[in-house]
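A.B. asks: Here you go, sequence then predicted model.
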Amino acid sequence: MFTVIAGTVLLAMVHALIPNHWLPLVAVARAEKWQPREVTMITFIAAFAHVLGTVALGMILGKIGKELEASYGNTIYLASSVLLIVFGLIYFTVNLPHHHHSSQKDVVAYKRSKRKWVMIFIVMMFLSPCLEVESLFLSAGAYGMGFVVTLALIYAVVSITGIMILVALGFKGVRLLSDSFIEHNEKRISGMVLIIVGIVSFFLH
(Lines give C-alpha, C1' and ligand atoms only; values in the text may rest on other atoms or scores of the structure.)
Protein backbone atom coordinates (compact mmCIF):
# COMPACT_ATOMS: atom_id res chain seq x y z
CA MET A 1 0.00 0.00 0.00
CA PHE A 2 2.81 2.40 0.92
CA THR A 3 4.60 1.67 -2.37
CA VAL A 4 1.50 2.67 -4.34
CA ILE A 5 1.35 5.98 -2.42
CA ALA A 6 5.06 6.61 -2.96
CA GLY A 7 4.73 5.80 -6.66
CA THR A 8 1.79 8.17 -7.00
CA VAL A 9 3.70 11.01 -5.34
CA LEU A 10 6.73 10.46 -7.57
CA LEU A 11 4.66 10.28 -10.76
CA ALA A 12 2.70 13.39 -9.80
CA MET A 13 5.96 15.28 -9.26
CA VAL A 14 7.47 14.09 -12.54
CA HIS A 15 4.28 14.80 -14.46
CA ALA A 16 4.05 18.33 -13.05
CA LEU A 17 7.52 19.04 -14.45
CA ILE A 18 6.42 18.38 -18.05
CA PRO A 19 6.74 21.72 -19.89
CA ASN A 20 3.33 21.59 -21.57
CA HIS A 21 1.71 21.55 -18.11
CA TRP A 22 3.05 24.95 -17.12
CA LEU A 23 5.22 26.57 -19.81
CA PRO A 24 2.31 27.71 -22.05
CA LEU A 25 0.69 29.41 -19.07
CA VAL A 26 3.94 31.17 -18.19
CA ALA A 27 4.40 32.32 -21.79
CA VAL A 28 0.88 33.70 -22.04
CA ALA A 29 1.01 35.35 -18.62
CA ARG A 30 4.23 37.15 -19.44
CA ALA A 31 3.17 38.11 -22.97
CA GLU A 32 -0.22 39.39 -21.77
CA LYS A 33 1.37 41.08 -18.74
CA TRP A 34 -0.94 39.45 -16.21
CA GLN A 35 -0.67 40.39 -12.56
CA PRO A 36 0.91 37.83 -10.17
CA ARG A 37 -2.43 37.34 -8.40
CA GLU A 38 -4.13 36.59 -11.73
CA VAL A 39 -1.40 34.11 -12.64
CA THR A 40 -1.84 32.31 -9.31
CA MET A 41 -5.62 32.07 -9.67
CA ILE A 42 -5.58 30.91 -13.29
CA THR A 43 -2.82 28.40 -12.58
CA PHE A 44 -4.84 26.88 -9.75
CA ILE A 45 -7.92 26.58 -11.97
CA ALA A 46 -5.94 24.96 -14.78
CA ALA A 47 -4.12 22.59 -12.42
CA PHE A 48 -7.42 21.65 -10.76
CA ALA A 49 -8.88 20.85 -14.21
CA HIS A 50 -5.90 18.58 -14.90
CA VAL A 51 -6.34 16.79 -11.58
CA LEU A 52 -10.09 16.47 -12.16
CA GLY A 53 -9.55 14.75 -15.50
CA THR A 54 -6.98 12.37 -14.03
CA VAL A 55 -8.96 11.56 -10.89
CA ALA A 56 -12.24 11.03 -12.79
CA LEU A 57 -10.62 8.29 -14.86
CA GLY A 58 -8.72 7.03 -11.82
CA MET A 59 -11.91 6.56 -9.79
CA ILE A 60 -13.39 4.43 -12.58
CA LEU A 61 -10.26 2.27 -12.70
CA GLY A 62 -10.21 2.08 -8.90
CA LYS A 63 -13.78 0.78 -8.95
CA ILE A 64 -12.76 -1.84 -11.51
CA GLY A 65 -9.84 -2.85 -9.29
CA LYS A 66 -12.17 -3.21 -6.30
CA GLU A 67 -14.55 -5.43 -8.25
CA LEU A 68 -11.67 -7.58 -9.51
CA GLU A 69 -10.42 -8.02 -5.94
CA ALA A 70 -13.90 -9.11 -4.85
CA SER A 71 -14.02 -11.66 -7.68
CA TYR A 72 -10.47 -12.99 -7.66
CA GLY A 73 -9.24 -12.33 -4.13
CA ASN A 74 -5.49 -12.26 -3.56
CA THR A 75 -4.84 -13.06 -7.22
CA ILE A 76 -5.55 -9.42 -8.08
CA TYR A 77 -2.55 -8.27 -6.01
CA LEU A 78 -0.24 -10.45 -8.10
CA ALA A 79 -1.94 -9.38 -11.33
CA SER A 80 -1.75 -5.67 -10.46
CA SER A 81 1.96 -5.96 -9.69
CA VAL A 82 2.59 -7.64 -13.03
CA LEU A 83 0.50 -4.99 -14.81
CA LEU A 84 2.50 -2.19 -13.19
CA ILE A 85 5.73 -3.78 -14.38
CA VAL A 86 4.32 -4.27 -17.90
CA PHE A 87 3.05 -0.68 -18.09
CA GLY A 88 6.39 0.51 -16.76
CA LEU A 89 8.27 -1.41 -19.45
CA ILE A 90 5.98 0.00 -22.12
CA TYR A 91 6.48 3.59 -20.96
CA PHE A 92 10.23 3.09 -20.54
CA THR A 93 10.58 1.54 -24.00
CA VAL A 94 8.33 3.89 -25.94
CA ASN A 95 9.34 7.10 -24.12
CA LEU A 96 7.50 9.39 -26.55
CA PRO A 97 8.15 13.02 -25.61
CA HIS A 98 5.41 15.64 -25.37
CA HIS A 99 5.33 18.20 -28.13
CA HIS A 100 2.60 20.52 -26.94
CA HIS A 101 4.76 23.16 -25.33
CA SER A 102 4.54 26.75 -26.40
CA SER A 103 7.03 29.58 -26.23
CA GLN A 104 6.58 33.22 -25.44
CA LYS A 105 7.34 34.03 -29.09
CA ASP A 106 4.32 31.95 -30.14
CA VAL A 107 1.83 33.99 -28.13
CA VAL A 108 3.12 37.54 -28.43
CA ALA A 109 1.08 38.12 -31.57
CA TYR A 110 -1.81 35.90 -30.46
CA LYS A 111 -3.97 38.10 -28.30
CA ARG A 112 -7.08 36.76 -26.61
CA SER A 113 -9.24 37.88 -23.75
CA LYS A 114 -8.28 36.57 -20.33
CA ARG A 115 -11.52 34.59 -20.16
CA LYS A 116 -10.76 32.80 -23.42
CA TRP A 117 -7.24 31.99 -22.26
CA VAL A 118 -8.65 30.51 -19.05
CA MET A 119 -11.04 28.31 -21.03
CA ILE A 120 -8.21 27.18 -23.31
CA PHE A 121 -6.06 26.16 -20.33
CA ILE A 122 -8.96 24.41 -18.57
CA VAL A 123 -9.81 22.31 -21.63
CA MET A 124 -6.14 21.61 -22.44
CA MET A 125 -5.35 20.46 -18.89
CA PHE A 126 -8.56 18.47 -18.42
CA LEU A 127 -7.92 16.55 -21.64
CA SER A 128 -4.32 15.69 -20.71
CA PRO A 129 -4.71 13.37 -17.70
CA CYS A 130 -1.66 11.70 -16.16
CA LEU A 131 -2.10 8.29 -17.80
CA GLU A 132 0.90 6.85 -16.03
CA VAL A 133 -0.72 7.20 -12.60
CA GLU A 134 -3.96 5.55 -13.77
CA SER A 135 -2.40 2.11 -13.45
CA LEU A 136 -1.75 2.91 -9.78
CA PHE A 137 -5.41 3.78 -9.28
CA LEU A 138 -6.30 0.38 -10.72
CA SER A 139 -3.96 -1.28 -8.22
CA ALA A 140 -5.30 0.87 -5.38
CA GLY A 141 -8.81 -0.43 -6.03
CA ALA A 142 -7.75 -3.79 -4.58
CA TYR A 143 -7.40 -2.04 -1.20
CA GLY A 144 -10.88 -0.51 -1.35
CA MET A 145 -12.40 2.75 -2.58
CA GLY A 146 -11.35 4.55 0.60
CA PHE A 147 -7.73 4.05 -0.40
CA VAL A 148 -8.51 5.16 -3.97
CA VAL A 149 -9.98 8.42 -2.64
CA THR A 150 -6.92 8.92 -0.41
CA LEU A 151 -4.66 8.34 -3.41
CA ALA A 152 -6.69 10.87 -5.43
CA LEU A 153 -6.29 13.50 -2.71
CA ILE A 154 -2.54 12.90 -2.46
CA TYR A 155 -2.18 13.12 -6.22
CA ALA A 156 -4.26 16.32 -6.32
CA VAL A 157 -2.20 18.08 -3.65
CA VAL A 158 1.17 17.13 -5.16
CA SER A 159 0.16 17.93 -8.76
CA ILE A 160 -1.53 21.26 -8.06
CA THR A 161 1.25 22.39 -5.74
CA GLY A 162 3.95 21.36 -8.21
CA ILE A 163 2.36 23.10 -11.18
CA MET A 164 1.71 26.28 -9.20
CA ILE A 165 5.32 26.42 -7.97
CA LEU A 166 6.71 25.90 -11.48
CA VAL A 167 4.45 28.56 -12.98
CA ALA A 168 5.33 31.02 -10.21
CA LEU A 169 9.06 30.42 -10.74
CA GLY A 170 8.73 30.55 -14.51
CA PHE A 171 6.75 33.78 -14.33
CA LYS A 172 9.62 35.31 -12.36
CA GLY A 173 12.13 34.06 -14.90
CA VAL A 174 13.63 31.29 -12.76
CA ARG A 175 14.72 28.11 -14.55
CA LEU A 176 15.51 25.18 -12.29
CA LEU A 177 16.23 22.57 -14.96
CA SER A 178 16.31 21.94 -18.67
CA ASP A 179 12.81 21.77 -20.14
CA SER A 180 13.98 19.51 -22.95
CA PHE A 181 15.42 16.94 -20.51
CA ILE A 182 12.05 16.43 -18.79
CA GLU A 183 10.17 16.54 -22.08
CA HIS A 184 12.29 13.80 -23.63
CA ASN A 185 12.71 11.58 -20.56
CA GLU A 186 9.38 11.87 -18.71
CA LYS A 187 8.09 8.52 -20.03
CA ARG A 188 11.34 6.77 -19.17
CA ILE A 189 11.32 8.14 -15.62
CA SER A 190 7.64 7.25 -15.18
CA GLY A 191 8.30 3.77 -16.51
CA MET A 192 11.07 3.22 -14.00
CA VAL A 193 8.79 4.34 -11.15
CA LEU A 194 6.04 1.93 -12.26
CA ILE A 195 8.49 -0.96 -12.57
CA ILE A 196 9.91 -0.33 -9.09
CA VAL A 197 6.43 -0.02 -7.56
CA GLY A 198 5.34 -3.23 -9.31
CA ILE A 199 8.35 -5.19 -8.08
CA VAL A 200 8.02 -3.95 -4.49
CA SER A 201 4.24 -4.54 -4.51
CA PHE A 202 4.84 -8.09 -5.73
CA PHE A 203 6.67 -8.90 -2.51
CA LEU A 204 4.91 -6.51 -0.11
CA HIS A 205 1.21 -6.14 -0.85
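C.D. replies: Arrived safely, thanks for sending.
A.B. asks: Now do the buried residues in stretch 164-178.
C.D. replies: For stretch 164-178, the buried set under the neighbour-count rule, 16 or more other C-beta atoms under 10 Å, comprises 164, 166-168, 170-171. Glycine gets a C-beta too; all of them are placed from N, C-alpha and C.
A.B. asks: so of those residues, which ones are in helices?
C.D. replies: Among the buried residues of stretch 164-178, DSSP state H puts 164, 166-168, 170-171 in helices.
A.B. asks: for those residues, which one is nearest Ala56?
C.D. replies: Lowest distance from Ala56 to these (C-beta to C-beta) belongs to Met164, with 20.7 Å.
A.B. asks: any chance you could map the strands in the chain?
C.D. replies: For the chain, no strands are identified by DSSP state E.
A.B. asks: Any idea how far the lengthiest helix in it is from the middle of the chain?
C.D. replies: In the chain, with assignment by DSSP H, the single longest helix is helix 36-72. Its chain's average C-alpha position is 9 Å from that of helix 36-72, according to C-alpha atoms, centre = their mean, to the nearest Å.
A.B. asks: how close does the nearest residue to Ser201 once chain neighbours are set aside get to Ile199?
C.D. replies: In space, Ser201 comes closest to Ser81 once its chain neighbours are excluded; the distance is 4.5 Å by C-beta to C-beta, 6 or more residues apart in numbering. According to C-beta to C-beta, to the nearest Å, Ser81 stands 7 Å off from Ile199.
A.B. asks: So between these two, which is more surrounded?
C.D. replies: More crowded of Ser81 and Ile199, by other C-beta atoms under 10 Å: Ser81, with 21 against 15.
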